[in-house]
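1. Below are the sequence and a predicted model; questions follow.
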Amino acid sequence: MNGRISRRTLEELRLRSDIVGLVSEYVDLRRAGSSLKGLCPFHREKTPSFFVSSEKGVFHCFGCGTGGDSISFLMQLKKMEYRDAVEELCARAGVEVVMEGGRDDSDTVRAMFDQNRFAADFYHNLLFQKGNKANTYLQKRGIEEDTARELLIGFGGSGRRELARAIAIEGLDVDIAVESGLLLKRKNGEVSDRFAGRIIFPIFTVTGKVAGFAGRSMDDAEPKYINSSESRVYRKKNLLYGLNLSGRFIREEGKVFVVEGYTDWLILWQAGIKNVVATCGTAITLNHFRELKRIADKVVLLFDGDMAGKKAAVRSVSPAYEAGVSPLVFFPPGRLDPDEWVRKAGVEEVRRQLEGAKLLMEYIIEAAMKKFDMKILSHQLDYVRLVGKYLKNVKDPVEREIYVKEISAKLDLPGDEIRKWIATREGAGRLRYGGKKTEGDMRINFEEALVGLLLKYPERAGIEGVRKALSSLEDSELAEIGQKIVAEAGETGTNVESSIIIEVKESASRASRAVLVYEQYFPEEREENLEKILVFMELKRRERKLARLTDDLREEASDGRRGEILKLQMELKKEIEEIRKNL
């Protein structure tokens, strides 16, 4: 079936599809206000944090972050392609699938995956040709032949156009090979291989499709690694190397080790540590943590033991806690990377030492102590500032209290003072909604609430105050959704929410979450709801501005100026507290 599924088909499917009936086949749902809730089918949990809105046809789990519409639910539950999920739902709802002409995204995506698989097999065959220097390199790095065969490791060839010629002979689309990053196209139209002369690591999706590649130089030439370019099938922020193989071991162990290098992953896997994944040439992201939270109770960052590895671990605090993950961390001794450590110490010693992994926040609290002389009062203040910068990300009250007590003991300072100081850094942008706390600890984010309201009532996107608020959204995903609402709100006959969840696929989870957050926090529809959201957003902006000003002037401003700023802050907090009481 060629072409793309028509918008008319998707709109009719949305109107006739029963998301509650679909989800109820897999989840025991119970009424929770205007929505329904149950145990999430995408991650392990004991307390329900999975919500479904029958009115808007969306679901969202506040524990693992998964969300979307009926199509998204079926795709993720059954690991289906987009078109296959739509066709199954249409068959269930009695909706005729009408196609529009032309090649669509799904056709291109299929072609990209097919070409990537062709390239992976081609590179893999080159690796095992006689006299190949790539085999010598792998042996030197301790990678066994069986491992190379199991993981489809390859060699990019000695020439500049070996893959390009094979693609031409096979009659494959060169433009798609260029778009996916297999080939490079010069101004004169000539194409050449992107990964020539390199060891090739195919990067798979969780369903076993080849999404892209990493090519490593064998003589330590720079750049050491070349990765596939970002495309419709290869997005580094979403992919984890090895997850297609290690997923079942991670679920069995309830724990996952995260490394930064492909070779680190290979050596650990080969040594028998199977519950491991690697990032694909990027820092670990929010999406990575969300994915890992679904399948593991513990996430251990096993980064290089040098300063770069330690800094990379510390930078992961914000995305980890935003995803609801409290990560552990372990650094190999002697500034080794995990690959070297396993080969030097042996796997049994590595396993033994890994049992001593610490919570990342615990590591930060201890490491920060070494930077300052705690006998000097100004150093104590600098210490609290540094640790508070990371501690404000910890939302779980029990976990935060543990850290506060630890810091309090180290400084011989009352815990209340530390709590107050951290509160001044956080602002009041996130508040619990007016209901029972769930496992995911739903907190009201007023940027999210605004987008949720507009998804329900897109006609309000034309209000001047709303447009101003949307233009200042800090969250890029919400800003993208907001822009689409404004763009489509005036189109007659267009269901804005359906359009966004269908077309902005990467933002579907945020859109569904926004609707459910709004519904849970504002169970009754009132005119003043929008006003409250806009006022809180404005207050949040003011507090951020004042906090920045306080930071800038803390050292060099006069006592009078510092007092003025603190007075403004106190007045603002009183305003926020007063509004909070009325919500």
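-> It's in.
2. Low-confidence regions, the stretch 1-150 of the chain specifically.
-> 1-3, 94, 100-106 (pLDDT under 70).
3. Helices of that one, start to end?
-> Taking DSSP state H, counting those that start in this stretch as the criterion, the stretch 1-150 of the chain carries its helices at 7-16, 19-24, 70-78, 82-93, 105-127, 133-140, 145-150.
4. in the first one, what's buried?
-> Of the residues in helix 7-16, those with enough neighbours to count as buried (16 or more other CB atoms under 10 Å) are 7, 9-14. Where C-beta positions appear, they are placed from N, C-alpha and C, glycine not excepted.
5. The second one too?
-> When burial is assessed from 16+ other CB under 10 Å, helix 19-24 yields the following buried residues: 19-20, 22-23.
6. Show me what it is packed against.
-> On a contact count with 3 or more CB pairs under 8 Å, 6 or more residues apart in numbering; DSSP states H and E, helix 19-24 meets strand 50-53, strand 58-61, helix 70-78.
7. Contact partners for residue 514?
-> Residues in contact with residue 514 (CB atoms under 8 Å, 6 or more residues apart in numbering) are 448-449, 451-452, 455, 478, 481.
8. farthest-separated two in those?
-> 449 and 481 (12.8 Å; CB to CB).
9. Could you identify which of the helices and strands packed on helix 19-24 is most buried?
-> strand 58-61 (a mean of 30; mean count of other CB atoms under 10 Å).
10. C-alpha coordinates for it, CSV please?
-> The C-alpha coordinates for strand 58-61 follow below in CSV (Å, rounded to 0.1, in the frame of the first residue of the first chain):
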residue,chain,number,x,y,z
VAL,A,58,-4.6,10.1,25.4
PHE,A,59,-2.6,8.3,28.0
HIS,A,60,0.4,9.2,30.1
CYS,A,61,2.6,7.5,32.8
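11. residue ranges for the strands of the stretch 401-550 of the chain, please.
-> For the stretch 401-550 of the chain, strands defined by DSSP state E, counting those that start in this stretch occupy the ranges 430-432, 443-445.
12. Comparing those strands, which yields the minimum mean pLDDT?
-> In terms of average pLDDT, strand 430-432 trails the rest of these, at a mean of 38.
13. Would you format the buried residues of helix 7-16 as a markdown table with distance to residue 136 included?
-> Output for the buried residues of helix 7-16, formatted as a markdown table (distance: CB to CB, whole Å):
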| residue | distance to residue 136 |
| --- | --- |
| 7 | 56 |
| 9 | 56 |
| 10 | 54 |
| 11 | 59 |
| 12 | 60 |
| 13 | 56 |
| 14 | 57 |
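14. Going by distance to residue 59, which of those wins?
-> For these, the nearest to residue 59 is residue 14 (13.7 Å; CB to CB).
15. from what I can see that closest one touches residue 58, true?
-> No - in this structure, residue 14 is not within contact of residue 58 by CB atoms under 8 Å, at 10.3 Å.
16. which of residue 449 and residue 481 has more neighbours?
-> In this view residue 449 and residue 481 are compared by other CB atoms under 10 Å, and residue 481 has more residues nearby, 28 against 25.
17. Check the more buried one and give its pLDDT.
-> pLDDT, read off for residue 481, is 84.
18. And for residue 289?
-> Listed pLDDT for residue 289 reads 90.
19. Next: residue 579.
-> 60.
20. for residue 502, same thing?
-> 45.
21. what two of the buried residues of helix 19-24 are the furthest from one another?
-> Spatial extent of these (CB to CB) is set by the pair 20 and 22 at 7.3 Å.
22. ok, back up a step: turn the buried residues of helix 19-24 into CSV, columns for distance to residue 87.
-> Formatted as CSV, the buried residues of helix 19-24 follow (distance: CB to CB, whole Å):
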residue, distance to residue 87
19, 17
20, 21
22, 14
23, 19
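23. from those residues, which is closest to residue 36?
-> Within the buried residues of helix 19-24, proximity to residue 36 (CB to CB) peaks at residue 20, which comes in at 6.4 Å.
24. so what's the residue most central in space within the chain up against?
-> Ranked by distance to the mean C-alpha position of the chain (CA atoms, centre = their mean), the top residue is residue 287 at 1.2 Å. Listed by CB under 8 Å, 6+ apart, the contact partners of residue 287 are 237-238.
25. mind checking which helix or strand it is in?
-> helix 286-295 (DSSP states H and E).
26. Quick check: nearest residue in space to residue 372, chain neighbours excluded?
-> Using CB to CB, 6 or more residues apart in numbering and skipping the chain neighbours, the partner closest in space to residue 372 is residue 379 (3.9 Å).
27. So that neighbour lies in a strand, does it not?
-> No - under DSSP: H, G, I helix; E, B strand; the rest coil, residue 379 sits outside any strand and is assigned helix.
28. Pretty sure it sits against residue 368.
-> No - with contact defined as CB under 8 Å, residue 379 does not reach residue 368; the gap is 10.6 Å.
29. who's more crowded, these two?
-> A count of neighbours by other CB under 10 Å puts residue 368 above the other of residue 379 and residue 368, at 20 against 13.
30. for the record, mean pLDDT for the helix or strand encompassing that one?
-> Using DSSP H and E, residue 368 maps to helix 360-369. On average, the pLDDT along helix 360-369 is 94.
31. ok so, going back, nearest to residue 362, out of the helices of the stretch 1-150 of the chain?
-> Nearest to residue 362, of the helices of the stretch 1-150 of the chain and by CB to CB, is helix 70-78 at 33.6 Å.
32. just checking, what packs against the closest one?
-> helix 19-24, helix 82-93, helix 508-521.
33. Convert that helix to CSV, retaining C-alpha atoms only.
-> Output of helix 70-78 as CSV, limited to C-alpha atoms (Å, rounded to 0.1, in the frame of the first residue of the first chain):
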residue,chain,number,x,y,z
SER,A,70,-4.1,5.0,20.9
ILE,A,71,-1.6,4.7,18.0
SER,A,72,1.3,5.4,20.3
PHE,A,73,0.1,2.9,22.9
LEU,A,74,-0.2,0.1,20.3
MET,A,75,3.2,0.9,18.7
GLN,A,76,5.0,0.8,22.0
LEU,A,77,3.2,-2.1,23.5
LYS,A,78,3.5,-4.4,20.5
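34. And the contacts of that helix?
-> Against helix 70-78 from outside (CB under 8 Å, 6+ apart): 13-14, 17, 19, 22-23, 26, 41-42, 57, 59, 66, 68, 80-82, 85-86, 88-89, 501-502, 505, 508-509, 512.
35. now do stretch 330-346
-> 141-142, 259, 261, 263-264, 266-268, 271, 273, 300-306, 309-310, 313, 350, 353-354, 356-358.
36. Of those residues, grab the buried ones for ChimeraX.
-> Selection of buried members from those for ChimeraX, criterion 16+ other CB under 10 Å:
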select :142,259,261,263,264,266,267,268,271,273,300,301,302,303,304,305,309,310,313,350,354,357
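37. Out of the contacts of stretch 330-346, which sit inside strands?
-> If you go by DSSP state E, those have 259, 300-301, 358 in strands.
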